[in-house]
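> sequence isn't available, so here's the structure alone:
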């Protein structure tokens with residue numbers, strides 16, 4: 001029971017810290033410091049780098065694959081990859097990216113070839129994973145927190161065990177009070193103090209060691225969505241691929257927290273294909289064609305298949321008029337699988353839609 005939390009919107013705030021095992025609410029707050037930052041990145045030095053095409057520098061891609069020359073070994077993934085460029089001293093290339101759930105095959109340090117899902121970037125004779133320096137993670141500070149009964153009791157007790165919140169979810173709502181997304185963290189209370197946000201409210205500092213912040217480049221995207229969903233089609237169209245991917249992440253996470261009403265069969269959809277110049281643009285445009293501004297209808301082929309089975313706005317059979325399809329065909333017909341085999345994503349999408357009962361007309 002949350003006696004300290006009122007039900008009106010002004011007191012409820014945007015952020016709810018919830019215990020994941022039993023679902024009780026630790027507290028509700030108005031703002032969070034530390035939500036945005038720079039996540040810990042894996043760093044690789046690729047020795048004897050031989051480029052295949054343009055120089056690799058700056059942001060490299062949302063999904064960059066490192067493919068061992070040994071066919072018996074699986075490729076591994078670097079997400080949101082960046083590079084400062086080729087090193088003059090060694091001729092090697094440095095790549096950084098998020099690789100928390102992936103990594104090189106155990107014991108393998110030999111040659112690899114690198115691609116970004118669309119083109120081969122180059123190859124190296126060997127590589128090394130560079131261990132990052134030890135860093136103290138900044139805390140996550142919940143400001144203006146209205147305490148739940150369990151948190152109040154834990155703070156009164158004040159022991160190390162009582163202050164260990166274990167696994168919790170930071171649930172995030174937009175300014176209209178609608179669920180947007182959440183962030184799961186394993187944490188403990190490291191400090192608390194009275195808050196300037198109001199009487200009986202506190203600022204709680206959580207250990208940020210096991211919290212992954214939202215990257216700073218995505219902050220404007222989040223701020224846009226925290227204000228509420230878009231009310232016009234194509235609000236994402238001017239974004240680059242990196243930020244389109246961040247937009248798609250929020251579209252997906254918001255959709256998974258909402259109920260959807262399927263339209264009746266034989267509905268006619270229309271897709272504006274002018275801005276489908278990359279993979280996230282494809283799924284954003286398709287989502288809006290089916291479910292309107294900010295709508296979701298898959299973020300990969302497997303998710304598209306799920307959406308075509310119902311509960312995400314579509315009931316087969318239906319029709320889709322795909323305008324300016326030539327743009328998507330130009331950008332998505334030559335793509336690569338994780339192990340580097342060529343495939344046609346544009347054709348795969350058309351096949352998936354047809355199998356799901358959506359007849360597509362290209363215009």
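Arrived safely. This is a predicted model, so every value here is computed, not measured. Numbering: from 1, shown residues only.
> give me the mean pLDDT for stretch 19-29.
Mean per-residue pLDDT for stretch 19-29: 96.
> and what of stretch 243-250?
In this model, stretch 243-250 has a mean pLDDT of 98.
> and what of stretch 34-50?
Here the average pLDDT along stretch 34-50 is 93.
> name the nearest residue to residue 292, ignoring sequence neighbours.
residue 233 (7.6 Å; CB to CB, 6 or more residues apart in numbering). Quick note: C-beta positions are derived from backbone N, CA and C, even for glycine.
> what separation do you get for the one you found and residue 287?
From residue 233 across to residue 287, the span is 10 Å (CB to CB, to the nearest Å).
> which strands or helices does whichever strand in the chain runs longest pack on?
In the chain, ranked by residue count with DSSP state E as the criterion, the top strand is strand 179-194. In terms of contacts (3 or more CB pairs under 8 Å, 6 or more residues apart in numbering; DSSP states H and E), strand 179-194 is packed against helix 149-157, helix 160-163, strand 164-173, strand 202-206, helix 241-255.
> any idea of the angle the fourth one forms with helix 149-157?
Angle between the axes of strand 202-206 and helix 149-157 is 80 degrees (criterion: axes from the mean of the first three to the mean of the last three CA atoms, to 10 degrees).
> what's strand 202-206 packed up against?
On a contact count with 3+ CB pairs under 8 Å, 6+ apart, strand 202-206 meets strand 140-147, strand 179-194.
> winner for burial among those strands?
Mean neighbour count (mean count of other CB atoms under 10 Å) peaks for strand 140-147 among those, with a mean of 24.
> one step back: got the angle for the longest strand of the chain vs strand 140-147?
Using the same axes, to 10 degrees: strand 179-194 against strand 140-147 is 80 degrees.
> partners of strand 179-194, with directions?
strand 164-173 (antiparallel), strand 202-206 (antiparallel) (DSSP bridges).
> quick one: buried residues of the longest one?
Right, the one you point to is strand 164-173. Under the neighbour-count criterion of 16 or more other CB atoms under 10 Å, strand 164-173 has 165, 168-173 buried.
> that older thread, and of the helices and strands packed on strand 179-194, who's closest to residue 226?
Closest to residue 226 of the helices and strands packed on strand 179-194, according to CB to CB: strand 164-173, at 7.6 Å.
> from the centroid of this structure, which residue is nearest?
Centrality entry for the chain: nearest residue to the mean C-alpha point is residue 249, 4.1 Å, by CA atoms, centre = their mean.
> which of residue 233 and residue 287 has more neighbours?
A direct count of neighbours by other CB atoms under 10 Å for residue 233 and residue 287 places residue 287 higher, at 26 against 16.
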